[in-house]
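1. Predicted model and sequence follow; I will ask about them next.
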Amino acid sequence: MSEKLKKQESTSGHRKRLKERFMGTPVGSFADYELLELFLFSVFPRRDTKPLAKRLIKRFGTIKGVFFAEHAALRTVEGVSTSVIQSMKMLEDFFSRLYRPANQGHETILGNWNSVLSYCTLTMGFKKQEFLRILYLDRKNRLISDDLMQQGTIDKVAIYPREIVKDCITKSASAIIMVHNHPSGEATPSQEDILLTEKLVTALSAVGAVLHDHVIVAQDKHYSFRANGLLG
């Protein structure tokens, strides 16, 4: 048997054993690199993925660090291909849908607030640029639309109250929740954040709409204007 075939057979046997061990142990038992190694099986059907998994963990520290790493940073790791990055993005999209607010039935945004916060943290909290998201609600606080309005720089995103009000009218929204992220990792609002929020409240009131909350997410942290008494 050639050395190539021996290596393939060894890799195949290792994969089988790792899968069997994974299925026979409780969730959370595997080391980060082992779980990442399993994930990479689908990207590289025949390659030994352990070295790449260990390089990724060494570079980014944890599964979470790998998952939320910028694509450009991922590409600096030897062995990371376009297929790896595509698979990471697919996984991010998949998990975001577990928490995305429902827009059907009788579920309300305010009645499922923890899921809303988890969704915003997952989709925005670890980004390296600022983003602005608006959740448009009907009179029963059900989701009409979830719009990613702007992408900004590493420390600023443009917020235009007039455009948000215009979209409220177009969508027949009675209320909104505004969410933006702080790439710095600090969720405390700036003075500019506070002033813009006040302007938005005034602009919305002119068309009979309200700002339910302005939420800032920063990695695993969040800041609610309403919970902190900055909204009536």
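-> Yep, it's here.

2. wait, Leu56 sits on Val66?
-> Yes - counting by CB atoms under 8 Å, Leu56 touches Val66, with 4.9 Å between them. (Glycine included, C-beta is placed from N, CA and C.)

3. Mind listing the shared neighbours of these two?
-> Common contacts of Leu56 and Val66 (CB atoms under 8 Å, 6 or more residues apart in numbering): Leu36, Leu74.

4. more neighbours, the two?
-> The residue with more neighbours, out of Leu56 and Val66, is Leu56; 27 against 23, by other CB atoms under 10 Å.

5. Identify the residues contacting the strand or helix carrying the more buried one?
-> If you go by DSSP states H and E, Leu56 is part of helix 50-60. For helix 50-60, contacts defined as CB under 8 Å, 6+ apart pick out 14, 32-34, 36-37, 40, 44, 63, 66, 69, 73-74, 76-80.

6. where does this protein dip in pLDDT?
-> 1-11, 102-107, 150-158, 232 (pLDDT under 70).

7. Got the domain ranges for it?
-> Following automatic domain parsing, one finds the domains of the chain at 3-96, 108-224.

8. ranking the ones you listed by burial, who's on top?
-> For those, the largest average neighbour count (mean count of other CB atoms under 10 Å) is found in domain 108-224, namely a mean of 17.

9. which non-adjacent residue is nearest the most centrally placed residue in the chain?
-> Geometric centre of the chain, nearest residue: Thr123, 2.0 Å, by CA atoms, centre = their mean. Spatially, and ignoring its direct neighbours in sequence, Thr123 is nearest to Ser96 (5.0 Å; CB to CB, 6 or more residues apart in numbering).

10. and for the helix or strand hosting the one you found, what are the contacting residues?
-> If you go by DSSP H and E, Ser96 is part of helix 82-99. Defining contact as CB under 8 Å, 6+ apart, one finds that helix 82-99 is touched by 39-40, 42-43, 66-67, 71, 74-75, 115-116, 118-119, 122-123.

11. which residues pair with Asn181 across the strands?
-> Beta-bridge partners for Asn181, by DSSP bridges, are Val217.

12. can you tell me how far it sits from Cys120?
-> Distance, Asn181 to Cys120, by CB to CB, to the nearest Å: 8 Å.

13. overlap in contacts of these two?
-> Applying CB under 8 Å, 6+ apart, one finds that Asn181 and Cys120 are jointly contacted by Val217.

14. Quick one: end-to-end distance for stretch 99-119.
-> From its first residue to its last, stretch 99-119 covers 5 Å (CA to CA, to the nearest Å).

15. what's the distance between it and the middle of its chain?
-> 15 Å (CA atoms, centre = their mean, to the nearest Å).

16. Over to stretch 181-198?
-> 19 Å.

17. Could you give the separation between the terminal residues of it?
-> Note: stretch 181-198 ends 18 Å apart using CA to CA.

18. which outside residues touch that stretch?
-> By CB under 8 Å, 6+ apart, stretch 181-198 touches 124-125, 127-131, 154-155, 159, 161, 178, 180, 211, 214, 216-219, 221-223, 225, 230-231.

19. Among those, name the ones in strands.
-> Within those, residues falling in strands by DSSP state E are Phe131, Met178, His180, Leu211, His214, Ile216, Val217, Ala218, Lys221, His222, Tyr223.

20. State the distance from the residue lying closest to the fourth one once chain neighbours are set aside to Gly111.
-> Nearest in space to Leu211, with sequence neighbours left out and distances taken as CB to CB, 6+ apart, is Val201 at 5.2 Å. Per CB to CB, Val201 is found 23 Å from Gly111.
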